[in-house]
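Asks: Compute the structure for the input listed below.
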Amino acid sequence: MTSNIKKILITGADSYIGTSFEAWAKKRYPGEFEIDTVDMVDGSWREKDFAGYDVVFHVAGIVHQKETAKNKELYYKINRDLAIQTADKAKSSGVKLFILMSSMSVYGRTSGIITNKTKPIPNSNYGKSKLQADNIISRMHSKTFNVAILRPPMIYGEGCKGNYKALSKAVLKIGFFPYVFNERSMLYIENLNFFLKQLIDNPQSGIFFPQNDEYVCVSKMAILIGKAHGKTIKNIPILNTFIKFIPNKTIKKLFGNLIYEKTDLCSYVSFEESIKKTER
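Replies: So this is what the prediction gives:
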């Protein structure tokens, strides 16, 4: 009798996305998945037998590091070479689906709309190394080996590090925020998890833009962050004037517009509910 349990190998230990998916899948769908994780840092993955796994989910990579001349080669060694070697091993081991976590950074954009026809022009070693891996691994696709490349926008959720956490702390501390109408594609971690489950249940090849089903206005997000803590965050329009004079690129990016076309929408958790769950 054939088992319907899907065997999944997550390549990359202790990653936020990998650990979140494993915990979520085991809690929401007990008995449907058998999930293992292998460390990619110590080289032990080379001895790991990939045979028998239905899916390899590759999350290992360098991110959230300041790029320097010294660490340039490390981006290509980890984000490109290691990913390619893992995909090659997965294919030769008979794995049916290889999921690669890529990034919106491959497009090199800080504003505008990205569609499936937008040409990637990365402007960082992070983005360049990711794109090179995407291009080589996508060509490994065959009738028996599906390759799904995910290029999500900013991911946020409980325990996630990065720009969202910094914004939340600032909003709660100062109690007010500029009133700006902008649109940004973002992705709540549980929505990503649900997207992954659908992909695992129905393996496909291609490049995907998983995102929340509604664009995010940063001023509305600030209000919801305050609301989750029982605080009223005041939007002050006059502050908008000063935003363009702020030299910090991250802040300027936050208030700009950067969206994917509305494909691969994830509506498992609504935006307002996602903020509540992130802030709890």
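
Asks: you'd agree residue 36 is in a strand?
Replies: Yes. Going by DSSP: H, G, I helix; E, B strand; the rest coil, the assignment for residue 36 places it inside a strand.

Asks: Which residues are in contact with it?
Replies: Residue 36 makes contact with 7-10, 53 under the criterion C-beta atoms under 8 Å, 6 or more residues apart in numbering. Quick note: C-beta positions are derived from backbone N, CA and C, even for glycine.

Asks: which stretches of the stretch 101-250 of the chain have low pLDDT?
Replies: 240-250 (pLDDT under 70).

Asks: what's the closest of the contacts of residue 36 to residue 204?
Replies: residue 8 (15.9 Å; C-beta to C-beta).

Asks: which two from the contacts of residue 36 end up farthest apart in space?
Replies: Once C-beta to C-beta is applied, the contacts of residue 36 give 7 and 10 as the farthest pair, at 11.3 Å.

Asks: Could you check which of these two has the larger neighbour count?
Replies: Neighbours were counted for residue 7 and for residue 10 using other C-beta atoms under 10 Å; residue 10 has more, 23 against 15.

Asks: unless I'm mixing things up, that one is touching residue 39, no?
Replies: No. With contact defined as C-beta atoms under 8 Å, residue 10 does not count as touching residue 39 (10.4 Å).

Asks: Spell out which residues sit in contact with residue 140, please.
Replies: 87-88, 91, 98, 147.

Asks: Then residue 271?
Replies: Counting by C-beta under 8 Å, 6+ apart, residue 271 has contacts 188, 212, 214, 216, 224.

Asks: Go through the residues you listed and single out the one with the most neighbours.
Replies: residue 188 (26 neighbours).

Asks: one step back: just checking, which of the contacts of residue 271 belong to helices?
Replies: residue 224 (DSSP state H).

Asks: and the contacts of residue 271 as CSV, adding distance to residue 22?
Replies: Shown next, in CSV, are these (distance: C-beta to C-beta, whole Å):
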residue, distance to residue 22
188, 17
212, 22
214, 27
216, 26
224, 28
